[in-house]
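**Student:** Using only what follows, build the 3D model:
(one chain, ligands or ions: 1)
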Amino acid sequence: MTSTASFSSDAFFIEGGTTLRGSVRVSGSKNATLPIMFASLLTEEECTVEDVPDLLDIKTACELLTNLGASYERSGKVLVFNASDLKSCEAPKEIVRKMRASVLSMGPLLARFKKAKVALPGGCSIGARPIDQHLKFFERAGAKVSIKEGYVFLEVESLEPVEFTFDLITVTGTENALLYLSRVEGRSVLRNIALEPEVMDLVEVLKKMGAKIEVEDRTAIVEGSEELGGFTHRVIPDRIEAGTLMVAIAMTGGEGTLENVNPNHLGAVIEKLTESGAKVKAFSESKLYVKGPAYKPLTIHTREYPGFPTDMQAQFMAMLSVVEGVSQIYENIFEKRFQHAHELKKMGADIILEGRKATVKGVEKLKGTVVKSTDLRASASLVLAGLIAEGCTTVTDIYHLDRGYERLEEKLKGLGACIERLPALVS
Ligand code: EPU
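**Tutor:** Numbers count the residues shown, from 1 in each chain. Below you'll find the model as predicted:
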């Protein structure tokens, strides 16, 4: 398999038509690792994070922590952070632009310095993504919040407990509030919180550091402490990478085992794969068996956890584009998260978009062509489409994919896929 084409960023060249078989290990979760890294800013003691994936977003978070005056050492999948000597409370534009999750520095910096200056992240290709709920929480906690020249300035006189109800469910908003309150003495109450496994992994870490946190339904009761200690923590497996690999196996009519997964985190994904005709079986607390094909159309509504994850919507769309019958996908979390549909249509998919609804009429075959990644999960869906397409598919701009999938091409190759990375043309 060869391609002589060259692109300004790395691309994948995929020869479709192989059936995936075998066993694959899932990496640690990116979206769990990021808030845990920011938790290290809350203490002067050393913090050890295990099973950290080797990803661009993790490197960007390391760059931000270093910029603030923290230090870190990486040894394989283990990262050790030390924030005993923080010098700055500013998250600059250049870094926040690279990674929106940099807003997670707000809570820890405000708790540690009583002030913070964090660049506004702005919208991105999947939606406007405001941070009004983060700011509303900090205001309720007594902070003065102002926005000037693209920066949010926060300042608080003293750290006081607070009761706050989120207007809507936000993952990083909940994480920012939990990070802050873990250093606030006294009893705080947060209502209407996100319950994603990544949020609960952060709760585990904050408890190891000395905060008392109880979560019941969508309410968290937090009793923080000014004297938080260090921690050693192994991050949870990446449920979205696991889901992506499960869909890849199912849609190629293959059969395989995933290791380092938590089946409990994948309930809605397993439900939909099973409904589509695939077989999924949890072997143990960390192993899943998947067998394709997936052949029945589905109706999917993306929802907050434990509902169907928005981060799996694009991958299911790729799968459903060749499932006979009519499937319907409703994207309820992000208003612009259907960019991949346009690229899938270039490959022959029959998809009609009406606002937040996509109607997918299964076609017999997709055809390989050149398609462009527009965001992290969209890129994954195009790779999956390439695996089942007739002929060769080139997926360009895979820097989006590299932000959140650790060596996906190697994992797919291990399962038998014909996929090569075409390095960017260096001019
Ligand atoms: N929202 C507001 N105001 C806020 C916060 C959120 O209106 O103050 C809206 C958002 O615009 C969106 C919805 O609420 O429409 C949910 O957004 P949320 O805040 O939950 O998303 P996030 O925290 O920015 C995290 C993940 C995303 C994942 C979403 C939803 C991280 C670093 N990012 O984003 O992951 O899609 O939760 O589950 O944890 C990805 O990995 O590809 C990714 C985008």
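
**Student:** quick one: contacts for residue 171?
**Tutor:** Neighbour list for residue 171: 31, 194, 196, 198-199 [criterion: Cβ atoms under 8 Å, 6 or more residues apart in numbering]. Quick note: C-beta positions are derived from backbone N, CA and C, even for glycine.

**Student:** Max pairwise distance over those: which two?
**Tutor:** Checked with Cβ to Cβ, those reach their widest spread between 31 and 194, with 11.2 Å between them.

**Student:** what's the neighbour count on the residue in the stretch 301-427 of the chain that the ligand sits nearest to?
**Tutor:** Nearest residue of the stretch 301-427 of the chain to the ligand: residue 376, at 4.1 Å (Cβ to the nearest ligand atom). If you count neighbours by other Cβ atoms under 10 Å, residue 376 ends up with 22.

**Student:** Quick check: chain neighbours aside, which residue is closest to it?
**Tutor:** residue 404 (4.4 Å; Cβ to Cβ, 6 or more residues apart in numbering).

**Student:** that older thread, tell me the confidence at the residue of the stretch 301-427 of the chain closest to the ligand?
**Tutor:** With respect to pLDDT, residue 376 scores 94.

**Student:** so how far is stretch 163-176 from its chain's centroid?
**Tutor:** Put simply, stretch 163-176 sits 17 Å off its chain's centre (Cα atoms, centre = their mean, to the nearest Å).

**Student:** Now do the end-to-end distance for it.
**Tutor:** Start-to-end span of stretch 163-176 (Cα to Cα, to the nearest Å) is 15 Å.

**Student:** The stretch 251-400 of the chain against the ligand: which residues are in contact?
**Tutor:** Residues of the stretch 251-400 of the chain lying close to the ligand by Cβ under 6 Å from any ligand atom are 310-311, 333-334, 376-377.

**Student:** Helices along the stretch 51-200 of the chain, start to end?
**Tutor:** Counting by DSSP state H, counting those that start in this stretch, the stretch 51-200 of the chain has helices at residues 56-68, 93-98, 106-113, 132-140, 171-181, 197-209.

**Student:** Keeping just the C-alphas, turn the shortest one into CSV.
**Tutor:** Output for helix 93-98, consisting of C-alpha atoms alone and laid out as CSV, is shown next (Å, rounded to 0.1, in the frame of the first residue of the first chain):
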residue,chain,number,x,y,z
LYS,A,93,-3.6,33.2,25.1
GLU,A,94,-1.0,31.3,23.1
ILE,A,95,-1.6,28.2,25.3
VAL,A,96,-5.4,28.5,25.8
ARG,A,97,-5.7,28.8,22.0
LYS,A,98,-4.1,25.4,21.6
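
**Student:** quick one: contacts of stretch 106-119?
**Tutor:** Residues contacting stretch 106-119 (Cβ under 8 Å, 6+ apart): 38-39, 41-42, 68, 86, 89-93, 95-97, 102-103, 105, 134, 138, 143, 150-159, 175-180, 182-184.

**Student:** what ranges of this protein fall below the confidence cut-off?
**Tutor:** The model of the chain has pLDDT under 70 over residues 1-6, 123, 426-427.

**Student:** And for it, the residue most distant from the center?
**Tutor:** In the chain, the greatest distance from the average C-alpha position (Cα atoms, centre = their mean) is reached by residue 157, at 34.0 Å.

**Student:** I'd assumed residue 141 was in contact with it.
**Tutor:** No - the pair residue 157 / residue 141 is not scored as a contact, 11.0 Å apart, by Cβ atoms under 8 Å.

**Student:** Contact partners for residue 203?
**Tutor:** For residue 203, the contact set (Cβ under 8 Å, 6+ apart) comprises 178, 213, 215, 220.

**Student:** ok, now how distant is the second one from residue 155?
**Tutor:** Using Cβ to Cβ, to the nearest Å, we find residue 213 at a distance of 26 Å from residue 155.

**Student:** Comparing the two, which residue is more hemmed in?
**Tutor:** Counted by other Cβ under 10 Å, residue 213 and residue 155 do not tie: residue 213 has more neighbours, with 20 against 17.

**Student:** Can you tell me the SS state at the more buried one?
**Tutor:** Secondary structure state of residue 213, per DSSP: H, G, I helix; E, B strand; the rest coil, is strand.

**Student:** how near is it to residue 206?
**Tutor:** From residue 213 over to residue 206 the distance is 6 Å, taken as Cβ to Cβ.

**Student:** For PyMOL, write the select line for the buried members of the residues of the stretch 251-400 of the chain next to the ligand.
**Tutor:** The following PyMOL command selects only the buried members of these, with burial defined by 16 or more other Cβ atoms under 10 Å:
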select buried, resi 310+311+333+334+376+377
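
**Student:** out of the residues of the stretch 251-400 of the chain next to the ligand, which one sits closest to residue 9?
**Tutor:** Residue 9 lies nearest to residue 376 out of these, by Cβ to Cβ, at 14.1 Å.

**Student:** who touches residue 405 in this structure?
**Tutor:** Counting by Cβ under 8 Å, 6+ apart, residue 405 has contacts 55, 241, 244, 376, 380.

**Student:** Apply 7 Å and report the result again.
**Tutor:** Residue 405 makes contact with 241, 380, according to Cβ atoms under 7 Å, 6 or more residues apart in numbering.

**Student:** and it, what are its phi and psi?
**Tutor:** As for residue 405, its main-chain torsions (degrees, to the nearest 10) stand at phi -120, psi 120.

**Student:** now it: how far from residue 146?
**Tutor:** Counting by Cβ to Cβ - residue 405 and residue 146 are separated by 38 Å.

**Student:** Please consider this matter closed, and thank you.
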